[in-house]
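the sequence and its predicted three-dimensional model are supplied below.
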There are 2 protein chains.
Amino acid sequence: MTLALHPDAQDLLFRTARTATRFTDQPVGEDEVRAVYDLVKLGPTAMNANPLRVLLVRSPQARERLAVHMAEGNRRKVLDAPLVAVLAADVDFHDDLPRLFPHAPGARDRFAEDELAREDVAVRNAMLQAGYFIVGVRAAGLAAGPMTGMDAAGVEKELFPDGRHRVVLVVALGHPAPGAGHPRGPRPDYDEVVSTV
Amino acid sequence: MTLALHPDAQDLLFRTARTATRFTDQPVGEDEVRAVYDLVKLGPTAMNANPLRVLLVRSPQARERLAVHMAEGNRRKVLDAPLVAVLAADVDFHDDLPRLFPHAPGARDRFAEDELAREDVAVRNAMLQAGYFIVGVRAAGLAAGPMTGMDAAGVEKELFPDGRHRVVLVVALGHPAPGAGHPRGPRPDYDEVVSTV
């Protein structure tokens, strides 16, 4: 079985693509992030809710504010990467549903009454979109360095003071420094993951 | 700004790709699912934990057992699609960490003591992998029909009686029936989603 996707694209997105922890000095422009978003925004989400929000952390001051809430081993990465994207879930995504998903006129009001369900849907779908986002970063010829080691509540207080965002992933972006990667970790075999009924 | 990914691949994975709700009769073989998994297993997860598990629901009996727990509007889809994949998070993923992520020898024991944290990490990373999976289904030239409208606890009881799996997404797989798509829903603009500090 051969995939329809061209082997070069398989390499770019998955096979030779690798998580990066160190990058060259080459900057990442906002035009690149815009091109990534214009591609990955098309990926599907539940009720077309699109709860993912992206905060690009570029200034030295903002990097410092982020770094203090990162795990020890991730601090240098957010200070040194060409660009850092904080991916967050908007818990108030339901206010956009009348526009994004007009087929279900009652959805906004049902979510308005159920903050727990809303947070769960927001975080799950933001993680789904985070998967598209990482693929999109690689589609732009960049490497992604996703991180979850952080005090997420601290990051939220520092960078999302409106209280309506839950941080789901911090992603360093740039061109990988040569020879900077670890060997790839093993993956579970097909038969450990997939079964049939 | 042009993406490094070839325009044909952009079309296949995102631009012309669409969520499908009706399919042709062309079957989806296990070799196709294997090819998808062999590609998307390479996507990164936190601590290389790879908590996603996939249950392929193929037999009429298994489809009936799934369908009764789906939302009304999703029942026909799981009965009629060429193949249905139930994506679940393995809450006991930590038992594989010594093999998958030997760099952090204490990680398994820390998660063993904290079932809430474990479930959260499992579900979030399974959703991240669900994003890769949907991209991979499209890379195989298939269409995906992801669904969350279901009684997830009911599906778990029915199809994952070991109690260690949380269902995160049900995905219909196949070749889309011609003219079966709705118009694509609007997406939020870049400036509504991305900001810079």
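Perfect, thanks for sending it. Everything numeric in this text was worked out from a predicted model, so none of it was measured.

average model confidence for the top helix by length along chain A?
Looking across chain A with DSSP state H, the single longest helix is helix A:115-139. Per-residue pLDDT over helix A:115-139 has a mean of 97.

packing partners for that helix?
helix A:30-40, strand A:52-57, strand A:83-90, helix A:107-112, strand A:143-147, strand A:165-174, helix B:115-139 (3 or more C-beta pairs under 8 Å, 6 or more residues apart in numbering or on different chains; DSSP states H and E). C-beta here means a position set from N, CA and C on the backbone, and glycine is covered the same way.

near the closest residue to chain B within chain A, how many other residues are there?
Chain B sits closest to A:G131 of chain A, with a gap of 1.9 Å, by C-beta to the nearest C-beta. Neighbour count for A:G131, taken as other C-beta atoms under 10 Å in any protein chain shown: 26.

ok now do it, which residues does it touch?
B:G43, B:M127, B:L128, B:Q129, B:A130, B:G131, B:Y132, B:I134, B:V135 (C-beta atoms under 8 Å, 6 or more residues apart in numbering or on different chains).

change it to 7 Å
By C-beta atoms under 7 Å, 6 or more residues apart in numbering or on different chains, the contact list for A:G131 reads B:G43, B:L128, B:Q129, B:A130, B:G131, B:Y132.

check whether stretch A:170-189 contacts chain B.
Yes. Applying C-beta under 7 Å from any C-beta of the partner chain, one finds stretch A:170-189 touching chain B at A:G185, A:P186, A:R187, A:P188.

that's a strand at the first one, yeah?
No. Inclusion of A:G185 in a strand is not indicated when DSSP: H, G, I helix; E, B strand; the rest coil is applied; the result is coil.

CA atoms only: put stretch A:184-197 into CSV for me.
This file holds the C-alpha atoms of stretch A:184-197, laid out as CSV (Å, rounded to 0.1, in the frame of the first residue of the first chain):
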residue,chain,number,x,y,z
ARG,A,184,14.2,9.5,17.4
GLY,A,185,12.4,7.7,20.3
PRO,A,186,10.8,4.3,19.5
ARG,A,187,7.1,4.2,18.5
PRO,A,188,4.6,1.6,19.5
ASP,A,189,4.0,-1.1,16.9
TYR,A,190,0.9,-1.1,14.8
ASP,A,191,-0.4,-4.2,16.6
GLU,A,192,0.0,-2.5,20.0
VAL,A,193,-2.1,0.4,18.9
VAL,A,194,-4.7,-0.8,16.4
SER,A,195,-7.1,-3.6,16.8
THR,A,196,-10.3,-4.6,14.9
VAL,A,197,-13.8,-5.7,15.9
